[in-house]
Structure formats: structure tokens, C-alpha cells
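A.B. asks: predicted model and sequence below, questions to follow.
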Amino acid sequence: MSEFLKLQTTRRSIYALGKNVPFSTSALIELIERAITQTPSAFNSQTSRAVLLFGQESKDFWRHLTASALEKIMPADAFEQTKEKLAGFAAGIGTILFFEDQDVITTLEEKYPRYAENFKLWSEQSHGIALYATWLALAERGIGMSVQHYNPLVDVQVAEKYALPQSWRLRAQAPFGSIEAPAGEKGFMDRAERFKVFGD
């Protein structure tokens, strides 16, 4: 098995996160920024954006901002369990907020009308690649991560708190940190249900 395929196998959704990461904040920032910067995008549009939260900022995102938004819409008994889940995300060393810049998409739609209907889709593809590249980069260094989607519930609060451009659309939130417990077993569909091969 190639090193890349081994890395793909290593990458899992890790929910038991901690702060025992043997890398400085600056090293992690450089790693994450490089992974996103090198992500391919349609027309080299580079639509992906990211906000990196460390320390108290990451804790506050989960324990206060996200928790407050969820508490308003959830029954009290269900919220208690959710609060524990959020505390698990807050236990990591940081959180990456992934965005796609809608102004870039609009500009491309106007500049290339023949492809206009595709630019939003291509932006989502670029987002997925950026997220996956970051996930692999962290996994390669023994750092766990998971991907969460509390958008659009927290969109307004995030934009206001971090004074973000209106064109940045939140797509995912990724808490990361040391792996305090491994991921469980992962099942796979039968290959015949997923793949069709034709030709020699």
C-alpha cells in the first residue's frame, strides 16, 4: 500500500480530543494554511477561506457561541447531551472554520456566463478538497480532527464576532487536537454497489 493510501486509512473522525500536541501554534498555522493554499480550484479561483481558533477562542466557539445558538432551539433534556458533545470539541487544541467566498463566485459567474451555473458547485468541490487536504495534513502528524456542520445556525454570530466579510459563507467547523481515544471500527459498502469498470 502506498504512503498516501496508508494516510487515507489513518485519517478518521476523532471525537476524543486533547491538547497534547507536540507542535507550536505557529507550526500548526503554517501547516493548515499551506494545505488550504495548495488546494486546487476551478479557474484557480481560490475561493476557500479559513478562520483558525486556538485556546480560549476555540473553547468559546463551542461552549458559548455554538451552545447558546443550540440552546435556543433545543428541548432542555436534549440540550444537556449536546452540551457534552460540544465540550468534547472544546477539549481540543483548536478549531478551523471553513468558508467559501461568494464574491469570487459571483465575479466568475459574470465573467464566464457559459459556465455560470457550475461555479457554486465547483466552489463546494474546492471546499471539500481544502478540508480533506487539511485533515490529511493533520492526520500525518498524529493530530485528530472531525468535521461538524452547525452552519447556518451560527453564521451570523461567527461573522459578527470575527468581523468577517459578508461574502464569506461558512461551510464547516473542524475541531482538532491530540487523539485521546481511537476511532471505532469503520464499515464499507460492497464494492459492487459503488464501482463499475469498463474496458481493459
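C.D. replies: Received it, and whenever you're ready, just let me know what you need. From a predicted model like this one, the values you see are computed outputs, not experimental measurements.

A.B. asks: avg pLDDT for stretch 113-129?
C.D. replies: On average, the pLDDT along stretch 113-129 is 98.

A.B. asks: show me the shaky parts of the chain.
C.D. replies: For the chain, no stretch is flagged by pLDDT under 70.

A.B. asks: now the helices for it?
C.D. replies: For the chain, the helices defined by DSSP state H cover 3-10, 25-37, 56-60, 67-71, 76-90, 102-111, 119-140, 155-161, 191-194.

A.B. asks: rebuild those as JSON lines, extending it with distance to residue 45.
C.D. replies: From N, CA and C alone the C-beta is placed, and that goes for glycine too. As requested, the helices of the chain are exported to JSON lines (distance: least, CB to CB, whole Å):
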{"stretch": "helix 3-10", "distance to residue 45": "25"}
{"stretch": "helix 25-37", "distance to residue 45": "13"}
{"stretch": "helix 56-60", "distance to residue 45": "29"}
{"stretch": "helix 67-71", "distance to residue 45": "30"}
{"stretch": "helix 76-90", "distance to residue 45": "30"}
{"stretch": "helix 102-111", "distance to residue 45": "5"}
{"stretch": "helix 119-140", "distance to residue 45": "7"}
{"stretch": "helix 155-161", "distance to residue 45": "21"}
{"stretch": "helix 191-194", "distance to residue 45": "30"}
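
A.B. asks: quick one, which of the ones you listed gets closest to residue 48.
C.D. replies: Smallest distance to residue 48 across these (CB to CB): 4.2 Å, for helix 119-140.

A.B. asks: how about the closest one as CSV, C-alpha atoms only?
C.D. replies: What follows is helix 119-140, C-alpha atoms only, in CSV (Å, rounded to 0.1, in the frame of the first residue of the first chain):
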residue,chain,number,x,y,z
PHE,A,119,-19.3,27.9,-10.2
LYS,A,120,-21.2,27.3,-6.9
LEU,A,121,-20.8,23.5,-7.4
TRP,A,122,-17.1,23.9,-8.2
SER,A,123,-16.7,26.1,-5.1
GLU,A,124,-18.1,23.3,-3.0
GLN,A,125,-15.7,20.8,-4.6
SER,A,126,-12.8,23.1,-3.8
HIS,A,127,-14.1,23.4,-0.2
GLY,A,128,-14.2,19.6,0.1
ILE,A,129,-10.7,19.3,-1.2
ALA,A,130,-9.3,22.0,1.1
LEU,A,131,-11.0,20.4,4.1
TYR,A,132,-9.7,16.9,3.2
ALA,A,133,-6.2,18.2,2.5
THR,A,134,-6.1,19.8,5.9
TRP,A,135,-7.5,16.7,7.6
LEU,A,136,-4.8,14.5,5.9
ALA,A,137,-2.0,17.0,6.8
LEU,A,138,-3.1,16.9,10.5
ALA,A,139,-3.5,13.1,10.5
GLU,A,140,0.0,12.7,9.1
